[in-house]
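Colleague: predicted model and sequence below, questions to follow.
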Amino acid sequence: MTTPLLETVQQQLQDEPLWKLVVAACMVSYGLQSLLAMLMAPANRPPFYYELPYIPWLGSLVQFAVNPRELIQRGMVAHKDKNCFTVHLFGTPMTFLTGSEGLAHFFKAREHVFDIREAYAMTIITFGPGVCYDCPQSKMAQQFAFFKDGLSDKSFIKHMELVQEETLQYFDKHWGKSGEADILQTLSDLYTLTSSRCLLGDEIRAQWNESGMAEHYIALDHSFVPILFFFPSIPNPHRSKCVTARELFKEMFQKVIDKRRQAEANDDNYQKPHDFLQVLMEAKYRDGSELEMQEITGIMIGVLLGGQHTSNVTGSWLLSHLLREPKWLQAVMDEQRKLFPDDGEHAIHPATLTFDQVNKEMPVMDQVLSETLRLHPPFFQLSRKVLEDSNFNGITIPKGNIVNISPSASMRDPAMWDDPHTFDPTRFAPENKDKIKQYAWVPFGGGMHQCGGRKFAWNSLKVSLTWILRNYEIEIIGKGANEFPKEDYTTMVVAPTSSHTRVRFKRREQVDSI
Ligand code: HEM
């Protein structure tokens, strides 16, 4: 005897093509098996966190795609006694470590236990082979160490001048006296120019547009697609475009390097430029060998991409807060007024912030930037592949997992921050700084892979954003006028939703109007 419901199901099954039924059956059986394996896992495994709908194999993908920070936060609440839990995505167990202890375990782990290279294998498409995460561990460490030389204090003094010069030129050309613009787009364009000038050098910057590098840079940029994190080897239309782009970049760098070497050999008064290209040209590995051209090219691409988007979204979030918080905008402007006392002429305009001013005389801006990065770190998740079982508080994180921490979720953890969702830069005031717990503030990561460009980013952001605020009155318009931007998780760094970043601006005439 059949019921009407059974009949309907039978009819539908008969109507479906066979392949669909096979795929569905495989997914269901895989899902049930993995669910069973997780529920029956030994007690010392990380607890499994899932929400409904839980889709076989895809796991918590729906919730992750909507808002990964909130999913991780819910997992943190559910397993706060353990500071550790696993979610499943694309059949991959993703274990999250949380709380001060969890973050310490992540950042202090040795490379042969938590490996960064396998977790970020997708970068090979953009940077090319033999660069950064596609190197043996010791070579990768040496490549990252070159950043210390390239971004020294001596270089910053020069960088500061260049950032100010580029900012002035950009706004004169693109903003002028008054108009409307999108902050996200503006800062994206600006930081490509400042980074290319400071890091790639004057010669490359001068040819950036005409040489085709700007256009090919877009292809490199677009090759960072989140799905590649899980499947770095899937066929990808960006792959061949990246090869072409890297070839052009390599050719351009080679020409500049040849010219510099020639000038150095022939001209006794030749002054070496203070850019990152020069550092890589002269760099040597511990065995005395020089970097190959494809390595120089890949590292330069990495530094450009790494720095541009992170700075862009940070600047956009910072302005999104300041332009809505009159009290803090006023505090920042008061600080600027002290640095640029009104001499009756044109004190706001000149681009003359010194290295010491930027480093020592902008504490308010430091607090605002710290708080912006607490609420809006560009990377919501940092990951490593587990190469050996790792014990954390009586839990064994098994080999083969991807282990993660989430700066976005952790920096809003009520166990670490009071009233964590509120924008309050006084958390970073000198009298409160000692209250900040270990690993509570991690927008730049921590441990051996802490961001190599953090000082460059910090200084460039302070210089360029205060320049904009000194020189323009800005008001948010459009959708953003009534609503704070949401987090856009569709790109590799978390940007404010672009529908909320439109502004109207007017050039200030005098310092009084600040
Ligand atoms: C607001 C701006 C920035 C933020 C928030 C930021 C954040 C981060 C984070 C979280 C990491 C660690 C990744 C991990 O552990 O998995 C990192 C690594 C790195 N960043 Fe940044 N970054 C910024 C700007 C820059 C800039 C401007 C540069 C270059 C000039 C740069 C170069 C690097 C490099 C080379 C690494 C790899 C370090 C290593 O693995 O040893 N970053 N960054």
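Modeller: Structure received.
Colleague: what's the burial count for whatever residue of the stretch 1-150 of the chain ends up closest to the ligand?
Modeller: Going by CB to the nearest ligand atom, the ligand is nearest to Phe144 of the stretch 1-150 of the chain, at 3.7 Å. To be clear about C-beta, it is placed using only N, CA and C from the backbone, and glycine gets the same treatment. Phe144 has 17 neighbours, counted by other CB atoms under 10 Å.
Colleague: which element is it on?
Modeller: helix 137-150 (DSSP states H and E).
Colleague: what sits against Phe156?
Modeller: Phe355, Lys455, Phe456, Asn459 (CB atoms under 8 Å, 6 or more residues apart in numbering).
Colleague: ok, it to Phe456 distance?
Modeller: 7 Å (CB to CB, to the nearest Å).
Colleague: around the ligand, pick out the residues from the stretch 201-350 of the chain.
Modeller: Val303, Gly306, Gly307, Thr310, Ser311, Thr314 (CB under 6 Å from any ligand atom).
Colleague: so, low pLDDT: which residues of the stretch 401-514 of the chain?
Modeller: For the stretch 401-514 of the chain, the stretches with pLDDT under 70 are 510-514.
Colleague: now it against the ligand: closest residue?
Modeller: Gly453 (1.9 Å).
Colleague: not counting residues beside it along the chain, what's closest to that residue?
Modeller: Distance criterion CB to CB, 6 or more residues apart in numbering; nearest residue to Gly453, sequence neighbours excluded, is Gly307 at 5.3 Å.
Colleague: which residues does the one you found contact?
Modeller: Taking CB under 8 Å, 6+ apart as the test, what Gly307 contacts is Tyr191, Ser195, Leu199, Gly453, Phe456, Ala457.
Colleague: which of the residues you listed ranks first by neighbour count?
Modeller: Going by other CB under 10 Å, Tyr191 tops the contacts of Gly307 with 28 neighbours.
Colleague: pretty sure it contacts Asn312?
Modeller: Yes. Using CB atoms under 8 Å, Tyr191 makes contact with Asn312 at a distance of 5.2 Å.
Colleague: show me where the stretch 1-150 of the chain has its strands.
Modeller: With DSSP state E, counting those that start in this stretch as the criterion, the stretch 1-150 of the chain has strands at 84-89, 92-97, 114-115.
Colleague: what residues does the second one touch?
Modeller: Among residues not part of strand 92-97, those counted as contacts by CB under 8 Å, 6+ apart are 46, 72, 75-76, 83-88, 102-103, 105-106, 230, 383, 386, 392, 397-398, 400-406, 409.
Colleague: and if you look at stretch 132-144?
Modeller: With CB under 8 Å, 6+ apart as the criterion, stretch 132-144 contacts 111-112, 115-117, 120-121, 123-124, 127-128, 131, 285-286, 295, 298-299, 302, 448-449, 452.
Colleague: do that again at 6 Å, thanks
Modeller: Glu111, Arg117, Tyr120, Thr123, Ile124, Tyr285, Gly302, Gly452 (CB atoms under 6 Å, 6 or more residues apart in numbering).
Colleague: what's the distance between whatever residue of the stretch 251-400 of the chain ends up closest to the ligand and Lys148?
Modeller: The minimum distance from the stretch 251-400 of the chain to the ligand, using CB to the nearest ligand atom, falls at Gly307 (2.8 Å). As judged by CB to CB, Gly307 and Lys148 stand 15 Å apart.
Colleague: swap in Leu52?
Modeller: 48 Å.
Colleague: and for Gly400?
Modeller: For Gly400, the distance to Lys148 - CB to CB - is 33 Å.
Colleague: likewise for Arg197?
Modeller: 21 Å.
Colleague: of these two, who's got more company?
Modeller: Arg197 (21 against 10).
Colleague: tell me how many other residues crowd Lys385.
Modeller: With other CB under 10 Å as criterion, Lys385 counts 18.
Colleague: so what's it bridging to?
Modeller: Lys385 has the following beta-bridge partners by DSSP bridges: Asp115, Ile402.
Colleague: just to check, it is in contact with Arg117?
Modeller: No. In this structure, Lys385 is not within contact of Arg117 by CB atoms under 6 Å, at 7.9 Å.
Colleague: which other helices and strands contact the helix or strand where Leu220 lies?
Modeller: Per DSSP H and E, Leu220 falls inside helix 213-222. Using 3 or more CB pairs under 6 Å, 6 or more residues apart in numbering; DSSP states H and E as the contact test, the elements touching helix 213-222 are helix 238-266.
Colleague: now the helix it packs on: buried residues?
Modeller: Buried residues in helix 238-266, counted by 16 or more other CB atoms under 10 Å: 238, 241-242, 245-246, 248-250, 252-253, 256-257, 260.
Colleague: farthest-apart pair in these, please.
Modeller: Using CB to CB, the buried residues of helix 238-266 span at most 31.4 Å, a distance reached by His238 and Arg260.
Colleague: could you give the mean pLDDT of the helix holding Phe144?
Modeller: For helix 137-150, mean pLDDT is 88.
Colleague: after that helix, next one along is what?
Modeller: helix 153-174.
Colleague: report the angle between that following helix and helix 137-150.
Modeller: 70 degrees (axes from the mean of the first three to the mean of the last three CA atoms, to 10 degrees).
Colleague: from the chain's centroid, how far away is helix 153-174?
Modeller: 22 Å (CA atoms, centre = their mean, to the nearest Å).
Colleague: is it in proximity to the ligand?
Modeller: No. Shown here: helix 153-174 not in contact with the ligand (CB under 6 Å from any ligand atom), separated by at least 9.8 Å.
Colleague: name the SS class of Arg205, please.
Modeller: helix (DSSP: H, G, I helix; E, B strand; the rest coil).
Colleague: check contacts around Ser311.
Modeller: Neighbours of Ser311 in contact, by CB under 6 Å, 6+ apart: Tyr191, Ala457, Leu461.
Colleague: the last one falls within a strand, correct?
Modeller: No. Counting by three-state DSSP, Leu461 is located in no strand; its state is helix.
Colleague: which residues touch it?
Modeller: When contacts are counted by CB under 6 Å, 6+ apart, Leu461 touches Ser311, Gly315.
Colleague: the residue lying closest to Gly480 once chain neighbours are set aside and Glu180, how far apart?
Modeller: Distances taken as CB to CB, 6+ apart place His500 nearest to Gly480, at 3.5 Å, with adjacent residues excluded. Distance, His500 to Glu180, by CB to CB: 14 Å.
Colleague: tell me which of these two has more neighbours.
Modeller: Of the pair His500 and Glu180, His500 is the one with more neighbours under other CB under 10 Å, namely 22 against 11.
Colleague: give me the buried positions along stretch 219-227.
Modeller: Those buried within stretch 219-227 under the rule 16+ other CB under 10 Å are Ala219, Leu220, Asp221, Ser223, Phe224, Val225.
Colleague: same deal with stretch 495-505?
Modeller: Buried, per 16+ other CB under 10 Å, within stretch 495-505: Ala495, Pro496, Thr497, Ser498, His500, Thr501, Arg502, Val503, Arg504, Phe505.
Colleague: switch these over to TSV; also include distance to Ile477.
Modeller: Shown next, in TSV, are the buried residues of stretch 495-505 (distance: CB to CB, whole Å):
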residue	distance to Ile477
Ala495	18
Pro496	15
Thr497	15
Ser498	14
His500	10
Thr501	10
Arg502	5
Val503	6
Arg504	5
Phe505	10
